[in-house]
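> Okay, here's the prediction I keep looking at, along with the sequence it came from:
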Amino acid sequence: MKLFELKEIIKAAGGGENAIEHADALLEKINCIASGKQYEALLGQLGAAREQGDFRGRVLEVNFANYFQCKGIVLDYGAKQGMSGDIDFCWNIEGLKVYIEMKLLGQDKATRDSINEQLNDKGTSATFLDDDTRDVARLQADLIQKASTRKFNSKPSANTINLVAIDVTELQLGTVDICDCLLAAGGNSLASQHCHPACLRDPIVGAFETVADEKLTAVQKSWIEGVQKIPDGAPHPRSYIHGALFLFREPQERAALSYDLLAALVWNRDIIAADTAKKICSALHQVIPQAK
């Protein structure tokens, strides 16, 4: 790809002059991952993007793939598990197939508006408005929605590891931290092991957290109905998603198209063995540095 071509793509997707200033750095990464054939579909989708959210989501995928490319690691793009849709990446690690579905949080305005509308139902917004709980709700809702069985097989094979990766950089005006991620994925039971008690939020039930019905409070039941919204008869993602991969960009500016990433993995401990989780963590953080 040539620089003038990339600038035209940025303009077509609604990018302004601030974004175009970052084109040179992004082009270097594009041409790096284009050295093989495995990312032709990704680069085709990047070139066809005509909306900022879609374009920025593809840019995240380019930055992510570039980390692996620089380490000589080839990821499969558009991997399938026998379902109608495909999953963004598949990484082969010592006999394991690690599937990674990506999300740039906030790129889907319709989803965000829908979640906000759900939170306003049944009076639940009064509970969430006074602190950062609403952002944790958005984060968890996106995690669950990205775990769609249109893409993921709800009965993964023994060597399959399913991850949902979410770029959380823009939450809370860039102040989101690991404790927010722990709350979204593991709920208060996990966050209480690592975070100050002031970080805990009573309404939250984690995406990977199992609480017996008789122990749920009224506000927790409201959370499950209004945020998780698992259809009757559908499998809950905690039964087939092994972990959440939270990504943090630097620099944080929306206009930045080439950036560094930090990563934090939160595991669904009920369905992944500790040694498997440790193996994947070790391999991942040799590629993308760990967020603190």
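Done, it's in.
> can we go C-alpha only for contacts and neighbour counts from here?
Noted.
> Between the two ends of stretch 218-232, how far is it?
19 Å (C-alpha to C-alpha, to the nearest Å).
> Low-confidence ranges, the chain, go.
Applying pLDDT under 70 to the chain flags the ranges 106-131, 172-175.
> mind running it again at 80?
Regions of the chain meeting the criterion pLDDT under 80 cover residues 36, 106-132, 171-176, 254-255.
> In it, mark out all the helices, start to finish.
Using DSSP state H, the helices found in the chain span residues 3-12, 17-20, 23-33, 40-48, 52-70, 109-120, 125-128, 133-146, 178-191, 218-223, 274-285.
> Go through these and name the closest to Phe208.
Nearest of the helices of the chain to Phe208, taken as C-alpha to C-alpha: helix 178-191 at 5.3 Å.
> what's the most buried one of the helices of the chain?
Of all the helices of the chain, helix 178-191 carries the top mean neighbour count, a mean of 24, counting by mean count of other C-alpha atoms under 10 Å.
> Reformat the helices of the chain as CSV; add distance to Ser154.
Written out in CSV, the entries for those read as follows (distance: least, C-alpha to C-alpha, whole Å):
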stretch, distance to Ser154
helix 3-12, 37
helix 17-20, 39
helix 23-33, 31
helix 40-48, 25
helix 52-70, 24
helix 109-120, 23
helix 125-128, 31
helix 133-146, 13
helix 178-191, 18
helix 218-223, 23
helix 274-285, 19
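> Which of those sits closest to Leu261?
helix 52-70 (7.7 Å).
> what residues go with each domain of this protein?
1-72, 75-285 (automatic domain parsing).
> In JSON lines: those, plus distance to Lys292.
As requested, the domains of the chain are exported to JSON lines (distance: least, C-alpha to C-alpha, whole Å):
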{"stretch": "domain 1-72", "distance to Lys292": "19"}
{"stretch": "domain 75-285", "distance to Lys292": "7"}
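> just to revisit the earlier point, to Tyr77, which of the helices of the chain lies closest?
Nearest to Tyr77, of all the helices of the chain, is helix 40-48, at 7.4 Å by C-alpha to C-alpha.
> from the chain's centre, how far out does that closest one sit?
Mean C-alpha position of helix 40-48 versus that of the full chain (C-alpha atoms, centre = their mean, to the nearest Å) differs by 20 Å.
> Of all the helices of the chain, which one is nearest Ile87?
Closest to Ile87 of these, according to C-alpha to C-alpha: helix 133-146, at 9.8 Å.
> how far does that closest one sit from the chain's center?
The answer for helix 133-146 is 10 Å, by C-alpha atoms, centre = their mean.
> which non-adjacent residue is nearest Asp135?
The spatial neighbour of Asp135 that comes closest, neighbours along the chain excluded (C-alpha to C-alpha, 6 or more residues apart in numbering), is Leu171 at 6.5 Å.
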